[in-house]
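Q: Sequence first, then the predicted structure:
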2 protein chains.
Amino acid sequence: MPMPADGGAPFHIGELAQRTGRTVHAIRWYETQGLVPGVVRDEGGRRLYGELHVGWLDLMDRLRRTGMSIAEMREYTALALQGKATLRQRRDLLAAHRARVAETIADWNQALSLVERKIDFYDDWMQSGHRPPLLPAEAPRAPPPRRKAR
Amino acid sequence: MPMPADGGAPFHIGELAQRTGRTVHAIRWYETQGLVPGVVRDEGGRRLYGELHVGWLDLMDRLRRTGMSIAEMREYTALALQGKATLRQRRDLLAAHRARVAETIADWNQALSLVERKIDFYDDWMQSGHRPPLLPAEAPRAPPPRRKAR
DNA sequence: GCTTGACCTCGAGTGCACTCGAGCATTTCC
DNA sequence: GGAAATGCTCGAGTGCACTCGAGGTCAAGC
């Protein structure tokens, strides 16, 4: 499954970096972490990439930016390397991620509305000249199994 | 502006921790970072909090969880301590945050739809027994002035 | 054939936001 | 009045995801 054999001419890491908006260093680091399948080398030992890698890195980027850990991305990549026997596992992994993303979006929407109410609060205060009633406090949120994102 | 003078009986850090779902350590750390206004001490040197602190910490938590940096939260807190002369600045700071949050939500929604399309892709593959056409690759995203969140 | 630039490996450093432990003081409860 | 709980400060450690520099190889253009 040498990935660069996907039609177009293979290219080096610099071009991949440009086309995906990552740094060369970051791409190499991703590879050491097992997040880039099917990288072959040319005679000089330089990495060769194909079109598929552009899409792959974009997917990795999206997953990453939505809080998937490197460990889980590594797992996903390993599954992809094992071919279609792992289709269901990959699907399920993404479905779990989807659920977490949906949850986070709901969370952020709540935060958005809190911030909006607070802005309104300041607007009222400035317009009326005296402090409006405070916003009702929210229920405390237990710190859940730690996630992270951008 | 000693904050605990807000009606209810003041309480110590342990109770605040319980009521806001943070650890005692985390609350103290927040204070060293200038994120908790109006903390007074009792005769024994222990911190005293009031109801307002519960709401304040919840707000800080929300801002934090939506990617506001400690530095910006510190700025906001400092403005709040200066009284109503800074109302406009506080409003504007929150408005800027609101814009970033809205942007991020849009971003996550895009990611969500990518993940959903990928899940459909796997479902099709499993059902038909052979690989469906690949998803079209997305435009590369330049790494923007780094943000972070939960 | 030699300079220039892209690429290589390895390993250390960075930034953020906590998190925790040590060692000590005070308070509350029996 | 003594034990146990709760609080205090200070400072070091942690985890994640990069980020970067040093020192060297390789290849393409002049």
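A: Done, it's in.
Q: remind me, longest helix of chain A?
A: When chain A is parsed with DSSP state H, its longest helix is helix A:87-128.
Q: which residues touch A:Arg41?
A: Each residue near A:Arg41 by Cβ atoms under 8 Å, 6 or more residues apart in numbering or on different chains is listed here: A:Arg47, A:Leu48. Where you see a C-beta, it was placed from the backbone N, CA and C, and this is true even at glycine.
Q: ok, what's across the strand from it?
A: For A:Arg41, the beta-bridge partners are A:Arg47 (DSSP bridges).
Q: Quick one: name the residues of chain A near DNA strand C.
A: By Cβ under 7 Å from any atom of the strand, the residues of chain A that approach DNA strand C are A:12-15, A:17, A:24, A:28, A:41, A:45-47, A:143, A:146.
Q: Just the ones of the residues you listed in helices?
A: A:Ile13, A:Gly14, A:Glu15, A:Ala17, A:Val24, A:Arg28.
Q: Who are the contact partners of the residue of chain A found nearest DNA strand C?
A: Distances between chain A and DNA strand C by Cβ to the nearest atom of the strand are smallest at A:Gly14, namely 2.3 Å. Going by Cβ under 8 Å, 6+ apart, A:Gly14 touches A:Val24.
Q: Show the pLDDT at it.
A: For A:Gly14, the model assigns a pLDDT of 95.
Q: cool, and A:Gly8?
A: On the pLDDT scale, A:Gly8 gets 77.
Q: swap in the one 10 residues further on?
A: Predicted confidence (pLDDT) at A:Gln18: the value is 93.
Q: before we move on, the earlier item: now, of the residues of chain A next to DNA strand C, which are buried?
A: Neighbour-count burial (16 or more other Cβ atoms under 10 Å in any protein chain shown) applied to the residues of chain A next to DNA strand C gives A:Ile13, A:Ala17, A:Arg28, A:Arg47.
Q: out of those, which one sits closest to A:Leu93?
A: The shortest approach to A:Leu93 among those belongs to A:Arg28, at 24.8 Å (Cβ to Cβ).
Q: what's the neighbour count on A:Arg22?
A: Number of residues near A:Arg22 (other Cβ atoms under 10 Å in any protein chain shown) recorded here: 23.
Q: now swap in A:Ala96 and tell me
A: If you count neighbours by other Cβ under 10 Å, A:Ala96 ends up with 12.
Q: next one: A:Asp124
A: For A:Asp124, the tally of surrounding residues (other Cβ under 10 Å) stands at 14.
Q: so what's it closest to, chain neighbours aside?
A: Closest residue to A:Asp124 apart from its sequence neighbours, by Cβ to Cβ, 6 or more residues apart in numbering or on different chains: A:Pro132 at 4.5 Å.
Q: what sits against the closest residue to A:Tyr122 other than its chain neighbours?
A: Distances taken as Cβ to Cβ, 6+ apart put B:Arg91 closest to A:Tyr122, at 3.9 Å, once the chain neighbours are dropped. If you count contacts by Cβ under 8 Å, 6+ apart, B:Arg91 has them with A:Ile119, A:Tyr122, A:Asp123, A:Met126.
Q: Mind picking the one among the buried ones among the residues of chain A next to DNA strand C that's closest to DNA strand D?
A: Checking these against DNA strand D by Cβ to the nearest atom of the strand gives A:Arg28 as the nearest, at 7.3 Å.
Q: In contact with that closest one, which residues?
A: With contact taken as Cβ under 8 Å, 6+ apart, A:Arg28 is in contact with A:Ile13, A:Arg47.
Q: For it, give its distance to A:Glu116.
A: 43 Å (Cβ to Cβ, to the nearest Å).
Q: go on, A:Arg64?
A: 29 Å.
Q: So which of these two has more stuff around it?
A: Each of A:Arg64 and A:Glu116 has its neighbours counted (other Cβ under 10 Å); A:Arg64 has more, 19 against 15.
Q: Does the more buried one touch A:Met73 like I think?
A: Yes. A:Arg64 is in contact with A:Met73 according to Cβ atoms under 8 Å; the separation is 6.7 Å.
Q: With adjacent residues omitted, what lies nearest to A:Glu15?
A: A:Tyr49 (7.6 Å).
Q: give me phi/psi at the one you found?
A: Per-residue torsions, A:Tyr49: phi -130, psi 160 (degrees, to the nearest 10).
Q: Could you find the closest non-adjacent residue to A:Met68?
A: A:His97 (5.7 Å).
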